[in-house]
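Undergrad: below is the sequence, then the predicted model.
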Amino acid sequence: MRTRLFLKSQRGTANLGWLQANFSFSFGSYYNPEMVQFGMLRVLNDDTIAAGKGFGTHPHDNMEIITIPLEGGLTHRDSMGNQATVSFGEVQVMSAGTGVQHSEMNASKTERAKTLQLWIFPQEENVTPRYDQKGFDLEGSRNSLVNVVSPQDKNDGNALWIHQKAFLHMGLFDAEQVFNYDIKIPGNGIYLFLIEGKLEINGETINERDAFGVVEFDSLTITTKLPSKILIIEVPMQFNS
């Protein structure tokens, strides 16, 4: 097992007035040659978006894009004809594939929105673009992990799916809970992002908004030291055909 702690204070930042952004990996004007990606995870942005503001229409291609509202919601419009609001408690996926344009605006004119957005390299390029979103009851599954995203060929119908051998799990845990994460596909690694709380893993303390990378393992034991909200991202560590 090899591990690495990624501290909240080491993330890149941007302040555009209407947008307060934190970048786990190189993004936009922030570039850190040691933090370009974690395996097939290319982007993890932690954004606060002012009321009535957002990202105007812009293009994407050949990327699996996952949006997780932490507070409020975003109104999404795209060139596929989709128009929807993804809100707290939901997860959104968009396979950009051969190319798509979309906009993401804070759905509220009076309250801020807080979101996580992830970009994962696809297993296959130039797929037909697609969009989906779904709500998940984390509170109703307290003290266990909920699978919110999985590969298409390993999807049981309860999670969203993407074009990559990747899994996302989220969970709300009380303090002093001990649980394991078992790797789903041998050779994958995990990037655990602690949204709230405090954890102990392999003798390391992980605080709110810190992350913990683990590769070359089969099972990982996680202990919550405070009530915690956890995102676990399992991804291939290299391109696979």
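TA: On my side now, so go ahead. Numbering: from 1, shown residues only.

Undergrad: tell me which strands and helices the longest strand seen in the chain is in contact with?
TA: Longest strand in the chain by number of residues (criterion: DSSP state E): strand 219-235. In terms of contacts (3 or more CB pairs under 8 Å, 6 or more residues apart in numbering; DSSP states H and E), strand 219-235 is packed against strand 41-49, strand 113-120, strand 167-173, strand 178-182, strand 189-201. In this view, the C-beta of every residue, glycine as well, is placed from N, C-alpha and C.

Undergrad: how near is the nearest residue in space to residue 232 that is not next to it in sequence to residue 104?
TA: By the measure of CB to CB, 6 or more residues apart in numbering, the closest residue to residue 232 outside its immediate chain neighbours is residue 169, 4.5 Å from it. The gap separating residue 169 from residue 104 is 24 Å, by CB to CB, to the nearest Å.

Undergrad: those two: which is more packed in?
TA: When neighbours are counted by other CB atoms under 10 Å, residue 169 and residue 104 differ, and residue 104 comes out ahead with 25 against 21.

Undergrad: the helix or strand encompassing the more buried one: which residues count as buried?
TA: Per DSSP states H and E: residue 104 is located in strand 100-106. Buried residues in strand 100-106, counted by 16 or more other CB atoms under 10 Å: 100, 102-106.

Undergrad: okay, those in TSV with pLDDT next?
TA: Below are the buried residues of strand 100-106 laid out as TSV (pLDDT from 0 to 100):
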residue	pLDDT
100	96
102	94
103	96
104	96
105	97
106	97
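
Undergrad: just flag the most distant two among those residues.
TA: 100 and 106 (20.7 Å; CB to CB).

Undergrad: what's the neighbour count on the residue nearest to residue 213 when sequence neighbours are not counted?
TA: Nearest in space to residue 213, with sequence neighbours left out and distances taken as CB to CB, 6+ apart, is residue 4 at 4.5 Å. Using other CB under 10 Å, residue 4 has 13 neighbouring residues.

Undergrad: ok, residue 4 touching residue 210?
TA: No: applying CB atoms under 8 Å, one finds residue 4 not in contact with residue 210, separated by 11.1 Å.
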